[in-house]
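[1] sequence and predicted structure, then a few things I'm wondering about:
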Amino acid sequence: MRVGKRRIIIIGDRVLIRPDDSAEKSPAGLYLPPTVREKEDVWGGVVVEVGPGLPVSDPNSVEEEPWKTTGNTVRYIPPQAETGDYALFLKKASVEINVEEKKYLIVPQAAILVVIRDEITT
């Protein structure tokens, strides 16, 4: 993802989220109870970029000396969140960054509680 002159590359199973600063209702139509908002345990935001996922070894490459393998193919378990989703996540697991004066949060896939995705019907 590009922000100004910089390119942001998300690593592993992490997700880049633009936080939703509105207090009452999320753009996805969710209302968070006052007790949750007061504690700020759960935050919401729009997913703007996702990493490739968790890297896994190739199950077909079982050898006696795995360090001698020559293949450079990396396989990933993709994250469930997708760009454009609205995500509710645990605030304390997030890391805040500022790029070009814009606030973003980096959140591991495991800290995301739910995603809301617009379904396209044809």
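    Good, I have the coordinates.
[2] what's the longest strand in the chain?
    Looking across the chain with DSSP state E, the single longest strand is strand 42-50.
[3] what's the helix or strand that that one is followed by packed up against?
    Downstream of strand 42-50, the next assigned helix or strand under DSSP states H and E is strand 54-56. On a contact count with 3 or more Cβ pairs under 8 Å, 6 or more residues apart in numbering; DSSP states H and E, strand 54-56 meets strand 75-77. C-beta here means a position set from N, CA and C on the backbone, and glycine is covered the same way.
[4] ok so, going back, partner strands of the longest strand of the chain and their direction?
    Strand pairing for strand 42-50, determined by DSSP bridges: strand 14-19 (antiparallel), strand 86-90 (antiparallel).
[5] which one of the ones you listed lies closest to Ile106?
    Ile106 lies closest, by Cβ to Cβ, to one member of the strands paired with strand 42-50: strand 14-19, at 5.4 Å.
[6] ok, Pro79 touching Asp85?
    No. Assessed by Cβ atoms under 8 Å, Pro79 is found out of contact with Asp85, at 10.1 Å.
[7] quick one: mean pLDDT over the host helix or strand of Leu105.
    If you go by DSSP H and E, Leu105 is part of strand 102-108. Averaged across strand 102-108, pLDDT comes to 94.
[8] and for stretch 53-69?
    For stretch 53-69, the mean per-residue pLDDT is 68.
[9] quick one on the thing from earlier: okay, the angle between the very next helix or strand once past the strand holding Leu105 and strand 14-19?
    Counting by DSSP H and E, the next helix or strand C-terminal to strand 102-108 is strand 112-116. In terms of direction (axes from the mean of the first three to the mean of the last three Cα atoms, to 10 degrees), strand 112-116 departs from strand 14-19 by 70 degrees.
[10] for stretch 96-116, what is the distance to the chain centroid?
    Its chain's C-alpha centre and that of stretch 96-116 lie 6 Å apart, by Cα atoms, centre = their mean, to the nearest Å.
[11] quick check: end-to-end length of it?
    Using Cα to Cα, to the nearest Å, the end-to-end distance of stretch 96-116 comes to 22 Å.
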